[in-house]
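Q: Give me a model of this one.
(one chain, ligands or ions: 1)
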Amino acid sequence: MTTITRFAPSPTGRLHVGNIRTALHNWMLAKKNGGRFLLRIDDTDAERSREEYVDAIRADLAWLGLDVDGEERQSLRLEKYQAAFDALLQAGRIYPAYETSQELDLKRKIQLGRGLPPIYDRGALNMTDAERAEKEAAGIAPHWRFKLDHSEAITWDDAVRGVQKFDASQLSDPVIRRADGSWLYMLPSAVDDLDMGVTDVLRGEDHVSNTAVQIQMFTALIAAQYAAAKMPRFAHEALLVGKEGKLSKRLGSLGCDAFRERDIEPQAIIAMLARLGTSLPVEPIADRSVLIDTFDLGKFGRAPARFDDAELDRVNAALVHQMDFAMAAPRLPEGMDEAGWHAIRPNLSHVSEAVDWWRLVIGPIDQPEFSDEDKAYVGEAASALEWSEDPWHGLTAAMKAATGRKGKQLFLPLRQALTGMDHGPDMGELLPLIGEAEARARLEQAAS
Ligand code: GLU
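A: A predicted model of the protein is given here:
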């Protein structure tokens, strides 16, 4: 059976790093098995969903290189949910309820006050027809609950967490539909997973108790309507936390815009999030097929995955150091060619810094004040400079022979005169880029 995974964001905001991680893992799981990765826009909440967020989600996935094999939208599938609703109502698995949210709050408070878990008491199930008719006559429309089967044990073998067991009687019958007819998340999601043939539901562990409830929905839907469909496998990954080990507000708003602003490569985000929270080391791996081949839900830990910005910066720098010219080229300063990129690349943490280092080549540069002795030394270098395949090594060998200088005394004044800096890219690569006339002019200028 072809693996089908889905990433199902609600378009009520921008993707954050936790969502991105879930999307990536679903994408990798599909790729690893030669399967399909679906984007499902969970936009049944018309109030809070925004088209601009749908566009932003698509753009972010594209920027990250997470290509989707299909896109679905819940708002275009309402008749499917209605059909499932009708079938489950027929099967006795859905019932109307009339409590107001104040009444429900009060019930919960009383239960908690008595030290009881705040489980819905199924008051609506005990209503008589007359009582229901009275509500209807008073113009009170019901909301709808899914009736859990208390006699059926809920269990699944979670690909990350292992065997999970829930007692249905310890869960509230979930509200699946509001009085105005609009849908809550639970039922549409289960309908879609069956209808779209999703084989693997991989999401954050904040959904574990939803899964317990949805497993009964899947079973009921398969029995009532989707005889050919199969229950998906489930995997719930530990949540992403900040470096300090706590769920952080900052991570909740850290997304692609912030990464782009910091000039972080999508590859770095992918390499890091692919393995964070697993037993595999986070490494600067640019080749996605390596990440996909080594992806394994069995290697995911139960402990929260710690996201550290400094680690992302390290991965980013390491990937920039191996980046091809062709890939960097669109973001490089004008005139910077492949040799320039190769000379400068090892000094970069981010591609955007290339422009600063390129200034050492094209100028103008700011030379430091030299001592009289060093002025004489670089002046001598101006005359000693001979252009060749490798002018830097020729120059330093000549200056060493002529002056007896070595080490820092030999190299530093030359570097400073030629670039204005006391550190930077390899001079052997840089000097040919500066060019003969400009190099001689710089040495003469420093000597004057
Ligand atoms: N729209 C849900 C969310 O954003 C999807 C959860 C799921 O993957 O089923 O949490």
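
Q: Residue 440 belongs to a helix?
A: Yes. Judged by DSSP: H, G, I helix; E, B strand; the rest coil, residue 440 forms part of a helix.

Q: can I assume it is in contact with residue 379?
A: No. When contacts are counted by C-beta atoms under 8 Å, residue 440 is not listed as touching residue 379 (11.0 Å). For glycine as for every other residue, the C-beta is placed from the backbone atoms N, C-alpha and C.

Q: how near is residue 143 to the ligand?
A: For residue 143, the distance to the ligand (C-beta to the nearest ligand atom, to the nearest Å) stands at 20 Å.

Q: Buried residues in the one helix or strand residue 315 maps to, which are they?
A: In this structure, residue 315 is located in helix 309-321 according to DSSP states H and E. Within helix 309-321, the residues that qualify as buried by neighbour count (16 or more other C-beta atoms under 10 Å) are 312, 314, 315, 316, 317, 318, 319, 320.

Q: Check stretch 191-206 too.
A: When burial is assessed from 16+ other C-beta under 10 Å, stretch 191-206 yields the following buried residues: 191-203, 205.

Q: Stretch 71-91 now?
A: Of the residues in stretch 71-91, 72, 74, 75, 77, 80, 81, 84, 85, 87, 88 count as buried by neighbour count, 16+ other C-beta under 10 Å.

Q: From those residues, which land in strands?
A: residue 72 (DSSP state E).

Q: where in the stretch 251-400 of the chain is pLDDT low?
A: Judged against pLDDT under 70, the stretch 251-400 of the chain has no low-scoring part.

Q: Leaving out the residues flanking it, which one is nearest to the residue of it found nearest the ligand?
A: Among the residues of the stretch 251-400 of the chain, residue 252 lies closest to the ligand, at 12.8 Å counting by C-beta to the nearest ligand atom. Using C-beta to C-beta, 6 or more residues apart in numbering and skipping residues adjacent in sequence, the residue nearest residue 252 is residue 16, 5.4 Å away.

Q: With residue 91 instead?
A: residue 224 is the one closest to residue 91 (C-beta to C-beta, 6+ apart), at 4.7 Å.

Q: who's whichever residue of the stretch 151-300 of the chain sits closest to the ligand bridged to?
A: Scanning the stretch 151-300 of the chain for proximity to the ligand using C-beta to the nearest ligand atom identifies residue 203 as nearest, at 3.9 Å. Residues found in beta-bridge contact with residue 203 (criterion: DSSP bridges) are residue 236.

Q: Surely it touches residue 238?
A: No. Using C-beta under 8 Å, residue 203 is not in contact with residue 238, being 11.6 Å away.

Q: Which stretches in this structure count as strands?
A: Secondary structure of the chain, counting by DSSP E: strands at 4-7, 36-41, 70-73, 94-97, 143-146, 154-158, 162-166, 175-177, 200-204, 233-237, 240-242, 305-307.

Q: Quick check: residues of this protein near the ligand?
A: The interface of the chain toward the ligand, taken as C-beta under 6 Å from any ligand atom, is made up of 8, 9, 10, 42, 185, 189, 203, 207.

Q: Would you confirm that the fifth one contacts residue 44?
A: Just to be clear, that refers to residue 185. Yes. Contact between residue 185 and residue 44 holds when scored by C-beta under 8 Å: they sit 7.2 Å apart.

Q: Neighbour count for the two, which is higher?
A: A direct count of neighbours by other C-beta atoms under 10 Å for residue 185 and residue 44 places residue 44 higher, at 22 against 18.

Q: With the flanking residues excluded, which residue is spatially nearest to the more buried one?
A: Of all residues apart from its sequence neighbours, residue 183 sits closest to residue 44 (C-beta to C-beta, 6+ apart), at 4.3 Å.

Q: Per-residue pLDDT of the one you found, please?
A: What the model reports as pLDDT for residue 183 is 97.

Q: gap between it and residue 84?
A: Plainly put, residue 183 is 10 Å away from residue 84 if you go by C-beta to C-beta, to the nearest Å.
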